[in-house]
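Novice: Show me the folded form of this:
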Amino acid sequence: MRGRKLWRGLHPVGVFSLVVVVLLLYLAWILFQLHQSSGLSFNPLRVVEPLIIAATVLVPIMVRWGRYQRSASTRLCSEVVAPLVASVEEFCLILRPFGSDGEIVLPHRMYGASTIEQVIARSARNVAGLTTYAIVDQKRRLAPPGPVFVRAAGDEWQEAVSTLIRRAHSIVLILPPGQEIRKSFRWEIDQITQRGLQSRVIILLPPDQLYQNDFPECFQHACIVAAALEGFAGSIDDVDSMKVHDLEVSINARAHLLKYVRSSVHQQGTLASWIPKRRRRWRGSMFYAGFYYKSLIAAFRSTERELSGLGFLARYRQSA
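Specialist: Numbers count the residues shown, from 1 in each chain. Next up is the predicted model:
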């Protein structure tokens, strides 16, 4: 997505502009036809030209409303991570393979569309007032608005991610379509399990209707990650294949979010899943933005319930 803007569909203003453009052009055509058939003594260009000019002006406005505005820039790792972890701010962390940020775009019935990162950031902020952070490659200077994108060089990203994992209120693992579980992603998951933060993790899969060919593989990867998170403190490479198979059979194959939920930090987590429900009034994939938003809110609230009653130090002592 470097160097170009993401198409997000039509904002309501863009839809209105499109309708006005069509009406203006239709009116211009009717006036011209009326002049031709009735022989009225007026110059049709005086009426038609303003309508065409108005339509020409509205088209760029409509297109502009249909595109995301780029944020000014991503932020340097050195400027963000140290001050953040030294503060008492609680935050959400997004982890996914480098180069996958902003790639999953969710269409919406009314409000254009959102990247999956934007939906995560909005739900985390609305549930617990959390700011969402994500690490991107050092070369990534611009990113869609939503989370705070922090760029890290190749020799510092592991330290930055490890530090953020240790202090994160919630961690969202995005499994992008068409990608394997890379070595760097495996390392990130190992950092989570070694600190016992499994119940703070939300596993997020891409929309099945938008990525029909890739979704089964993503589901398999989600089962591997879920098996690693179930009370496991080793490497993801050591996950029992039979446990992965059991999860593939027991979890609904259309689950789009997975999370281990527990009522307190002292209890064993239970794997919960969120599955989109088909509704006749929603066509195609136009309801996914709303589904992810509501499901993420439920997942974030489960973490809030687990941590309720604990002070700041108690919430993060176990991950120190």
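Novice: Past the top strand by length along the chain, which element shows up next along the chain?
Specialist: Longest strand in the chain, counting residues (DSSP state E): strand 131-137. Once strand 131-137 ends, the next helix or strand along the chain (criterion: DSSP states H and E) is strand 148-152.
Novice: Tell me which strands that next one pairs with, and in which orientation.
Specialist: Counting by DSSP bridges, the strands paired with strand 148-152 are strand 75-76 (parallel), strand 131-137 (parallel).
Novice: in the protein, which spans are helices?
Specialist: With DSSP state H, the ranges of helices along the chain come out as 12-38, 44-65, 77-86, 116-128, 157-167, 183-194, 215-229, 241-250, 288-307, 312-317.
Novice: Can you flag the weakest of these by average pLDDT?
Specialist: Within these, the least confident segment by mean pLDDT turns out to be helix 44-65, at a mean of 61.
Novice: Let me see the contact set for the residue lying closest to Gln268 once chain neighbours are set aside.
Specialist: Ranked by Cβ to Cβ, 6 or more residues apart in numbering and with sequence neighbours excluded, the top spatial neighbour of Gln268 is Arg262, at 6.6 Å. Bear in mind the C-beta positions are built from the backbone N, C-alpha and C, glycine included. Listed by Cβ atoms under 8 Å, 6 or more residues apart in numbering, the contact partners of Arg262 are 199, 268-270, 306.
Novice: Can you tell me how far Arg262 is from Ser302?
Specialist: Arg262 is 8 Å from Ser302, where distance means Cβ to Cβ, to the nearest Å.
Novice: Then Pro177?
Specialist: When distances are taken as Cβ to Cβ, Pro177 and Ser302 turn out to be 26 Å apart.
Novice: repeat for Thr163
Specialist: Applying Cβ to Cβ, one obtains 25 Å for the distance of Thr163 from Ser302.
Novice: Please identify which of these two sits among more neighbours.
Specialist: Residue environment comparison for Thr163 versus Ser302 gives the larger neighbour count to Ser302, 21 against 16, counting by other Cβ atoms under 10 Å.
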